[in-house]
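Novice: starting from these lines, generate the structure:
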Amino acid sequence: MEVSRCGIHGFHEAIGIDTDELRFFWVLEALEPKAKQVAYRVVVSSTKADLEQPPATPRADCWDSGRVESNAQRNIICKTETGFKSTTFYYWQVTVWDQNGNAARSAVNEFYTSYTRSSRLLPPYSMNQTYMPHSSLIFRTWFENEPDRWKAVWIGNGSDKPFYLRKSIALPESKKVSRVIIFASGLGHFNLSVNGSPASPHVLDPGWTNYHRTVQFVGYDVTAQWDPSNQKENVIGAHVGNGFYAGDQGDRFFWPMYEDNTYVRYGNELCFFAEVHVHYEDGSHETIISDPSWKVRKSATTLANIYASEDHDRRLYPLGWDRPGFDEGADNSDNSGSWAAAKPLTGPRGKLRYQSQPPVVLHNTFEPVRTQKLCPDATMFDLGQNSSIMVNVSVSGPAGSEIIIRYAETIDEAGFVHMPDPLFKEFEYGVYAKFILSGAGQPETWTPDFSFTSARYIQIEGASLDPSNTLPTIHSVSARHVSSAARHLGSIETDKEDVNALINACHWSFSSNLFSYHTDCPQIEKFGWLEVTSLLFPATQYTRDMESLYAKILDDIIDTQESNGLVPTMAPEIRYMCGPLHDTITWGCAIAFLPEMIKRYYGSTQVFAKIYQPAVRYMEYMRTKERHDGLIEHGLGDWGRDIAFGNHQANIETAVYYRCLRNVALMARELGYVEDEKRFEAWAERVYAVYNENLLVTEKSQYPYAFYTSLDEPGKHDRTMVAQALALQFELVPPQHRDDIIKAFLADCADSNNTMRAGEIGLKYLWNTLTDIDRPDIVLAMARREEHPSYMRFLRRGETTLLEFWQDACRSKCHDMLGTIYEWFYAGVLGVRPVGDAYRTWTLRPPVNSEFGNVKGSVECPFGVIDVKFERKGDERVELDVRVPTSTTCTLQLVEGWRVVEGLNEGVNGEGEVVLEQGSYHLVLRA
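Specialist: Numbers count the residues shown, from 1 in each chain. Okay, the predicted model is just below:
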């Protein structure tokens, strides 16, 4: 047995840990099929050598769990008596024992702390000013605990336009540097460099938040970029742009200010802070802070509109500005030599929190698959795939030449960028970047620093591919996919090309909407709509590790929650909405849905303590909205049905309310709040009774079975697939009526000729129900319809991602909210579904009743990699390869009439449900 991977719940990176309670996890790999962990020991030390001793003698000067007799590998709580020291490296290691007493130790893991017990605020600059002697009294607490407080100050040039900052650092030549760590934040976004090299592969740091409540800082280990041979000068450079903190529309499209202009800037001065922590080999530690000794000047990027509109004048670019040897006084790139002392600024109101979610990074590179000359000075480049991107353009030409870069998900018949929705024509030509050449005589390259979009097509104006043309010459155009750095966990492929194309479209739609939050559109909106977080969490976790991102989203929800308990429909709330677009439980339910999902899929309860009271407050708010002593029906209903039509409100919103109450009761139980658990269980039972009293029709004069009706038309009993699916999936159906409700569900599918009569909310539960009753034929019939609603109609028209609505001419073509069918591919086609928390137990149901002849895929669950390969060998024989990860158990669910005839140990029953312990299997199934 060996420990293959370790981590800390809720943290993607671990350079700046700002909490004194951690929860560890680890993954095991064992060659012996019966090997089990029976005990563990976790030790934490501030000295790495303590953990590099012989196997029996690791020492811990910080925390030691001792030997714990348990098979637990996740949610292991570490809480020291005195807390972690600030700005200190810690090292931790786990030792596990199997049933035979054999020990296995993990590699040594590392994390670095920030200020775990500070007030989370930077000190006001006035406390450093000697002309205010009383400040030492006002801010006395800052001086009493020097090691545990933030020391830097916010700096900038006092403007709302991008700027550069640089700091030349000289260190004592008598000391040798061992490690260099930087904590930094720049609002709205910033790029950090050391000696001219990026401090990390991150883009768009820090994550978007409600800056009045929370500001994220980022930790960087820049030891590799530091030059230890040049103690006289190492240079820190920062480039700061607008983001949503101080959104700059310029003369372009800016969605929060579209129509009703509800966007209000968080601040009007871009700002930056940094602390450089230099650790020496002799054990000493030096801190260099941002202050007026840093130098600042305006950026060559003169407009940074987050909606893909940047202006960059290469004539203004100070070449080498972030490298050693740069002469600030000789910088005349903007004809003013304008490097000046940085100004101390007030900065944002929010408290500092470590950027714990995965950073945003660049992934795949897209090269054009087709080019088209539109007119002498305009060329279209087709990337072949729609996705969230940052473009890269290389052009040469005379100084002052203006190159315009436009983006589109759709082009018109002539090949020009096109916005199909007439209400958003402003987006068609109101979004563009302007790149002005310096005339350097060689290709000049531009890529945005502070903006991105979703696009398949790039339109370049003011230049040509023809070098003989008098226009500037285009040398290359490409794009990088920009998305969260969350780990990729799964893949699936079938023998049906149309299904594979739909899987691909879902994948790119999901990946293009994951940043420091989960949006539903990276192009027009970029907002943190909350319904996609709960709707798509089960689907997304099959392919991305979402734990730390969703833990951060819960922080956003807490910051956005209103004083009366209401959770608005988006977090962060970049733009204020109104009516049901502001107050809808199918969006706000994320506050209670996400904690339970984190526990179910990742085996962690670390978010429960912080989210419990906010979730209780939301339930108390929702109680004021009850009708008929328990129904909720004031929100958006099944949004997306017939574009936007509020139907099934009572069915959907009350079912979600019921699940929220159950989840709050679950959190109360985990936290030890016994009376609260009883209260919320009773509350949920009341809603259960009211739901069935008002919506369940048991009198069989209309149909020969019981069914659920909506209340959309008072006095009329309808029988829709959505009403039945919601009741089934939220466990609201009395057991004696379950068979009837399935009959009612299938009857409406038949009556509709297998049409998706559901909006984005109901759609998820439609697919879940069809998975449960094993009807892949209905799923594929719905997906393949010739007319809308139809996934395959999108693909037949050449789309490579999912659209916002069931329309051909849709404004947005990279929306992920219709992508809940992706969950069915893994649960219903690959057949893998979690049962116990974190897949400790899981089920596998081979798709023998489907049209698929071959299916293969994998899911890296929290305990290891699940591999499945399904292959038909005629009508009555299937070969199945399965890998069951160490520490998990799979229950193979066989359809009636099928049995395992080869691959099981002698004497094991091969019918019904077959238990597969950890290991790899080659099974033969026969009908």
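
Novice: just checking, Arg406 is part of a strand?
Specialist: Yes. Inclusion of Arg406 in a strand is indicated when DSSP: H, G, I helix; E, B strand; the rest coil is applied.

Novice: count of residues packed around the closest residue to Gly864 other than its chain neighbours?
Specialist: Nearest non-adjacent residue to Gly864, counting by Cβ to Cβ, 6 or more residues apart in numbering: Pro885, 2.9 Å away. For glycine as for every other residue, the C-beta is placed from the backbone atoms N, C-alpha and C. Applying the criterion other Cβ atoms under 10 Å, we find 24 residues in the vicinity of Pro885.

Novice: just the element for the residue sitting furthest away from the middle of the chain, please.
Specialist: In the chain, counting by Cα atoms, centre = their mean, Ser701 sits farthest out from the average C-alpha position, at 49.2 Å. Under DSSP states H and E, no helix or strand contains Ser701.

Novice: same check, this time on Glu851
Specialist: With DSSP H and E as the criterion, Glu851 is inside neither a helix nor a strand.

Novice: what's near enough to touch it?
Specialist: Lys496, Pro776, Asp777, Leu780 (Cβ atoms under 8 Å, 6 or more residues apart in numbering).

Novice: which one of the residues you listed is nearest Pro443?
Specialist: Distances from Pro443 to the contacts of Glu851, taken as Cβ to Cβ, are shortest for Lys496 (44.3 Å).

Novice: skip the chain neighbours and tell me the closest residue to the closest one.
Specialist: Per Cβ to Cβ, 6+ apart, closest to Lys496 is Phe852, 6.5 Å.

Novice: double-check that Thr769 belongs to a strand.
Specialist: No. Counting by three-state DSSP, Thr769 falls outside a strand, being helix.

Novice: Ala479 contacts Met390, doesn't it?
Specialist: Yes. Shown here, Ala479 and Met390 form a contact pair, counting by Cβ atoms under 8 Å, at 6.7 Å.

Novice: circling back to that earlier point, now do the contacts for the residue nearest to Gly864.
Specialist: Taking Cβ under 8 Å, 6+ apart, one finds Tyr839, Cys861, Phe863, Gly864, Val865, Ile866, Gln918 in contact with Pro885.

Novice: identify the bridge partners of the fourth one.
Specialist: According to DSSP bridges, Cys861 are recorded as the beta-bridge partners of Gly864.

Novice: Glu146 versus that one, what's the distance?
Specialist: Distance of Gly864 to Glu146, computed by Cβ to Cβ, to the nearest Å: 46 Å.

Novice: more neighbours, these two?
Specialist: Higher neighbour count among Gly864 and Glu146: Gly864, with 22 against 9, using other Cβ under 10 Å.

Novice: give me the distance between the more buried one and Val607.
Specialist: Gly864 is 24 Å from Val607, by Cβ to Cβ.

Novice: one more: Glu917?
Specialist: Taking Cβ to Cβ, one finds Glu917 at 32 Å from Val607.

Novice: of the two, which one has the most company?
Specialist: Neighbours were counted for Glu917 and for Val607 using other Cβ under 10 Å; Val607 has more, 23 against 14.

Novice: thinking again about what came up before, phi first, then psi, for the residue nearest to Gly864.
Specialist: In terms of degrees, to the nearest 10, the main-chain angles of Pro885 are phi -60, psi 150.

Novice: wasn't Gly83 part of a helix?
Specialist: No. Assessed with three-state DSSP, Gly83 is coil; it does not lie in a helix.

Novice: where in this protein is pLDDT low?
Specialist: In the prediction, the chain carries residues with pLDDT under 70 at positions 54-56, 126-143, 260-261, 332-337, 643-645.

Novice: tell me the contacts of the most centrally placed residue in it?
Specialist: Central residue of the chain (Cα atoms, centre = their mean): Leu514, 4.2 Å from the mean position. By Cβ under 8 Å, 6+ apart, the residues touching Leu514 are Ser483, Ser484, Ala486, Thr540, Arg544, Leu549.

Novice: at 7 Å what do you get?
Specialist: By Cβ atoms under 7 Å, 6 or more residues apart in numbering, Leu514 lies in contact with Ser483, Ser484, Ala486, Arg544, Leu549.

Novice: that one pairs with what?
Specialist: Beta-bridge partners, per DSSP bridges, of Leu514: His518.

Novice: can you tell me which of the contacts of Leu514 lies nearest to Val722?
Specialist: Arg544 (27.9 Å).

Novice: where along the stretch 601-750 of the chain do the strands fall?
Specialist: For the stretch 601-750 of the chain, the strands defined by DSSP state E, counting those that start in this stretch occupy 696-697, 707-708.

Novice: ok now stretch 439-449, how far from the chain's centre?
Specialist: From the chain centre to the centre of stretch 439-449 is a distance of 32 Å (Cα atoms, centre = their mean, to the nearest Å).

Novice: pull the helix or strand harbouring Ser548 out as PDB, backbone CA atoms only.
Specialist: In this structure, Ser548 sits in helix 547-560 according to DSSP H and E. Once non-C-alpha atoms are left out, helix 547-560 reads as follows in PDB (Å, rounded to 0.1, in the frame of the first residue of the first chain):
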ATOM      1  CA  GLU A 547     -14.500  21.300  -3.900                       C
ATOM      2  CA  SER A 548     -12.400  24.400  -3.300                       C
ATOM      3  CA  LEU A 549     -14.200  26.400  -6.000                       C
ATOM      4  CA  TYR A 550     -17.600  25.700  -4.500                       C
ATOM      5  CA  ALA A 551     -16.300  26.400  -1.000                       C
ATOM      6  CA  LYS A 552     -15.300  29.800  -2.200                       C
ATOM      7  CA  ILE A 553     -18.700  30.300  -3.800                       C
ATOM      8  CA  LEU A 554     -20.300  29.800  -0.400                       C
ATOM      9  CA  ASP A 555     -18.100  32.700   0.900                       C
ATOM     10  CA  ASP A 556     -19.500  34.800  -2.000                       C
ATOM     11  CA  ILE A 557     -23.100  33.800  -0.900                       C
ATOM     12  CA  ILE A 558     -22.400  34.800   2.700                       C
ATOM     13  CA  ASP A 559     -21.100  38.100   1.600                       C
ATOM     14  CA  THR A 560     -24.100  38.700  -0.700                       C
END
